[in-house]
Every structure is written in structure tokens, then in C-alpha cells.
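1. Quick one, fold the following:
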Amino acid sequence: MNAKSTPRPFTLEITDEIRQAYEERDRSLDNDPDNPTRPPEFFQRGVIGKYYRPVKTQISCRIDNEILDWLKSKGEGHLTRINDILRVQMMADRN
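-> Below you'll find the predicted structure:
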């Protein structure tokens, strides 16, 4: 995987280690109105990477006219479709 990319979203599991770190926190910081302290359960339903956007690099490539016409015939977003097709192939190749 590219060093600049991050994994897809996953849900945070509250472990005993997280619970212990919460209990051992510096409680003098708990009353900061700009940064309220939340218990670990507050983040239980949170999703890490929800707004994930992969880093993209602009390149130039040559595609057969027939393939480009087919991609464009599906409507706007032919470049996104190319990326999606390549991503599906990449994921299948990894498995």
C-alpha cells in the first residue's frame, strides 16, 4: 500500500488499555470549556476514516478510443469510473 494512503474506515473498539488511559488522565484538564472530556463510550459509535479521501496523483495515460467512448457513454465521471475499475482490480489482486 502507498505510504501516503490510509486504510478504509473502521469502528473503534474500547479496550481495557483505552479505559485505563482514560482513568489515569490528568483530571486538572477536565474543566476546559473549549475541549470537554468525553468518556470512551462517547466514541463507541464513531468511525475512524469516515471522511477518508485517498491522496491522488495526476498522470497522463493513453486509452483506446473504444474504451474511452464506452466510459463516457455512461455519463459524467468517466475518470472516476476509471479509478473505481482500477481499485476493484487492485483489491481483487490483493486477495
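
2. in this protein, which spans are strands?
-> Under the criterion DSSP state E, the chain carries strands at the ranges 10-11, 47-48.

3. So for the last one, mean pLDDT?
-> Strand 47-48 comes out with an average pLDDT of 76.

4. Nearest the middle, which residue of this protein would you pick?
-> Computing the C-alpha centroid of the chain and ranking residues by CA atoms, centre = their mean puts Tyr52 first, at 2.9 Å.

5. quick one: pLDDT of it?
-> At Tyr52, pLDDT is 79.

6. buried sites along the longest helix seen in the chain?
-> When the chain is parsed with DSSP state H, its longest helix is helix 78-94. By neighbour count with 16 or more other CB atoms under 10 Å, helix 78-94 contains the buried residues His78. From N, CA and C alone the C-beta is placed, and that goes for glycine too.

7. Not counting that helix itself, show me its contacts.
-> Helix 78-94 is contacted from outside by Ile63, Leu68, Leu71, Lys72, Lys74, using CB atoms under 8 Å, 6 or more residues apart in numbering.

8. Filter the residues you listed down to just the buried residues.
-> Using 16+ other CB under 10 Å, the buried ones in the contacts of helix 78-94 are Leu71.

9. Any chance of JSON lines for the contacts of helix 78-94, columns distance to Thr15?
-> Formatted as JSON lines, these follow (distance: CB to CB, whole Å):
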{"residue": "Ile63", "distance to Thr15": "47"}
{"residue": "Leu68", "distance to Thr15": "49"}
{"residue": "Leu71", "distance to Thr15": "45"}
{"residue": "Lys72", "distance to Thr15": "49"}
{"residue": "Lys74", "distance to Thr15": "45"}
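
10. In TSV, list the contacts of helix 78-94 along with pLDDT and distance to Pro39.
-> As requested, the contacts of helix 78-94 are exported to TSV (pLDDT from 0 to 100; distance: CB to CB, whole Å):
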residue	pLDDT	distance to Pro39
Ile63	94	53
Leu68	95	54
Leu71	95	49
Lys72	95	52
Lys74	94	48
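
11. any idea which of the contacts of helix 78-94 is closest to Pro33?
-> Nearest to Pro33, judged by CB to CB, of these is Lys74 at 51.2 Å.
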